[in-house]
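S.K.: A structural model of the following input is requested.
(one chain, ligands or ions: 1)
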Amino acid sequence: MPETSPQPLNSRICGPLKGIASVPGDKSISHRALMLGALALGRTRIRGLLEGEDVLHTAAALRLLGAQSGKDSEGWWVEGQGVGSLSEPANVLDLGNSGTSTRLLMGLVGSHGFTSFFTGDASLRKRPMARVMEPLSKMGVNFMARAGGRLPLAVIGTRDTVPITYKLPVASAQVKSAILLCALNTQGLTTVIETQATRDHTETMLRHFGAQVITEKGPDGETHISLRGYPTLKAREVDVPGDPSSAAFVTAAALLCQGSELVLKNIGINPLRAGFYETLQEMGANIAFENPRVQAGEKVADLKIKASTLKGVRVPAARAPSMIDEYPVLAVLASFANGKTGMEGLGELRVKESDRLNMIASNLQACGVKLEVEGDTLTVHGNGKPPTGGAKITTAMDHRIA
Ligand code: S3P
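M.R.: Below is the predicted model of the structure:
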């Protein structure tokens, strides 16, 4: 959507949600399926790819880098020519609103011997890229960026990247993934150390395409993730599960609307993404995970949700990485619950598509919800009934706020 034409939407009280539904494909997995398909030998097939703007920006950028993709009657395909096969883009890579496309592709092109120029929309141009530039610089990649490591920036790639061992200073799957993707075309063993585990879709997808990724526990409980450069990635079939972050909104509506009884089919329940559902169960939500199974290495289940009375809980900081995108909708649920919900360790929300902590607080306050933000903790006081509502919500063009 053009940045200049926001479309107002009205939300009204609705009846119970009943029946069986599905949600679009997982965004994180869709990006990774396209990127690894572009580096594999042969034609990768992807079913259930999310066709949202962020993922389409990844596909378009990969096309500029020489990897073709498209859609036919059997779904999406990507034609890869192997690790290290990307070529200099003839134009600027515009990643729109997508931080995941930008950060992962910065890593991917870093170990190729050409320069690429990256830009994005007004929101993306405000977001910090130094967090990926720092480890990639240690690998030998050079950058030319705006102050504060912002887009537009140039990635001056090299064929002579060196492997590193890098401890993540922020719990970010995007930073971890940028390093691992750069490591693919880097000789030797690259290791990323996580003190807080983040979504492991890159590791899972790399294994699915035939790379060996070793994940081990370190002496202090941290996770060491290692990848040796120059693996042969083979074209694969990928079935993308339904996005648990999209399912979160429908789940929330079903929990709140009396009489709801809903089944959401084929939802990804990777434990490193499922913190929202764990929190809901602690709040007293009636949610069952049926038909658990594994698809392209990812855990999947059907979610059975019944309308429930919720109570306030404490959500520890350690859980934040596994539900980082779900705090806006959790805060809404907390405002209907009985008692207070304290959500800790939310610092990363300030650097998402908008300052989400601020956006959650100001919009819920506009709806008559009592809450406080102290440091990185958000406390919402629910009184067991719907808030006054009726407010005009400012989204800052951030989809999860909308
Ligand atoms: C994502 C990682 C998370 C998440 C984002 C998608 C990914 O970002 O918020 O929506 O696909 O790796 P961070 O790495 O900044 O935590």
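
S.K.: At the contact with the ligand, which residues of this structure appear?
M.R.: 28, 100, 172-174, 177, 199, 324-325, 348 (Cβ under 6 Å from any ligand atom). Every residue, glycine included, has its C-beta placed from N, CA and C.

S.K.: Return the subset of the residues you listed lying in helices.
M.R.: Mapping those onto helices (DSSP state H) picks out 28, 100, 173-174, 177.

S.K.: got a markdown table for the residues you listed, with pLDDT and neighbour count too?
M.R.: Below are those laid out as a markdown table (pLDDT from 0 to 100; neighbours: other Cβ atoms under 10 Å):
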| residue | pLDDT | neighbour count |
| --- | --- | --- |
| 28 | 98 | 28 |
| 100 | 98 | 22 |
| 173 | 98 | 24 |
| 174 | 98 | 23 |
| 177 | 99 | 29 |
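
S.K.: picking up where we left off before, for residue 392, state which of the residues of the chain next to the ligand is nearest.
M.R.: residue 325 (23.7 Å; Cβ to Cβ).

S.K.: Provide a list of residues in contact with the nearest residue to that closest one once chain neighbours are set aside.
M.R.: What sits nearest to residue 325 in space, not counting adjacent residues and going by Cβ to Cβ, 6 or more residues apart in numbering, is residue 245, at 4.7 Å. By Cβ atoms under 8 Å, 6 or more residues apart in numbering, the contact set of residue 245 is 26-27, 273, 325-326, 400.

S.K.: Can I get the stretch of helix or strand residue 245 belongs to in CSV, CA atoms only?
M.R.: Secondary structure assigned from DSSP states H and E places residue 245 in helix 244-256. Extracted C-alpha coordinates of helix 244-256, given in CSV (Å, rounded to 0.1, in the frame of the first residue of the first chain):
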residue,chain,number,x,y,z
PRO,A,244,1.0,-18.7,14.8
SER,A,245,1.3,-14.9,15.0
SER,A,246,-1.6,-14.5,12.6
ALA,A,247,-3.6,-17.2,14.4
ALA,A,248,-3.1,-15.2,17.6
PHE,A,249,-5.6,-12.5,16.5
VAL,A,250,-8.3,-15.0,15.6
THR,A,251,-7.6,-16.9,18.8
ALA,A,252,-8.0,-13.7,20.8
ALA,A,253,-11.3,-12.9,19.2
ALA,A,254,-12.6,-16.5,19.8
LEU,A,255,-11.6,-16.4,23.5
LEU,A,256,-13.3,-13.0,24.0
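
S.K.: Show me the helices in the chain, by range?
M.R.: Using DSSP H, helices in the chain cover 27-39, 53-64, 99-110, 130-138, 173-184, 201-208, 244-256, 275-282, 327-336, 356-366.

S.K.: Packing partners of the last one?
M.R.: Under the contact criterion of 3 or more Cβ pairs under 8 Å, 6 or more residues apart in numbering; DSSP states H and E, the helices and strands touching helix 356-366 comprise helix 327-336, strand 370-374, strand 377-383.

S.K.: Tabulate those in a markdown table, adding columns for mean neighbour count and mean pLDDT.
M.R.: Below are the helices and strands packed on helix 356-366 laid out as a markdown table (neighbours: other Cβ atoms under 10 Å; pLDDT from 0 to 100):
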| stretch | mean neighbour count | mean pLDDT |
| --- | --- | --- |
| helix 327-336 | 23 | 98 |
| strand 370-374 | 14 | 98 |
| strand 377-383 | 20 | 97 |
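
S.K.: Distance to residue 120 added to the ones you listed, as JSON lines?
M.R.: Putting these into JSON lines (distance: least, Cβ to Cβ, whole Å) gives the following:
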{"stretch": "helix 327-336", "distance to residue 120": "21"}
{"stretch": "strand 370-374", "distance to residue 120": "27"}
{"stretch": "strand 377-383", "distance to residue 120": "27"}
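
S.K.: Spatially nearest residue to the closest residue to the ligand within the stretch 1-150 of the chain, not counting backbone neighbours?
M.R.: For the stretch 1-150 of the chain, the residue closest to the ligand is residue 28, as judged by Cβ to the nearest ligand atom, at 3.2 Å. Ranked by Cβ to Cβ, 6+ apart and with sequence neighbours excluded, the top spatial neighbour of residue 28 is residue 201, at 4.9 Å.

S.K.: Residue 328 now?
M.R.: Spatial nearest neighbour of residue 328, excluding adjacent residues (Cβ to Cβ, 6+ apart): residue 400 at 4.9 Å.

S.K.: okay but that neighbour is in contact with residue 356, surely?
M.R.: Yes: in this structure residue 400 lies within contact range of residue 356 using Cβ atoms under 8 Å: 7.0 Å.
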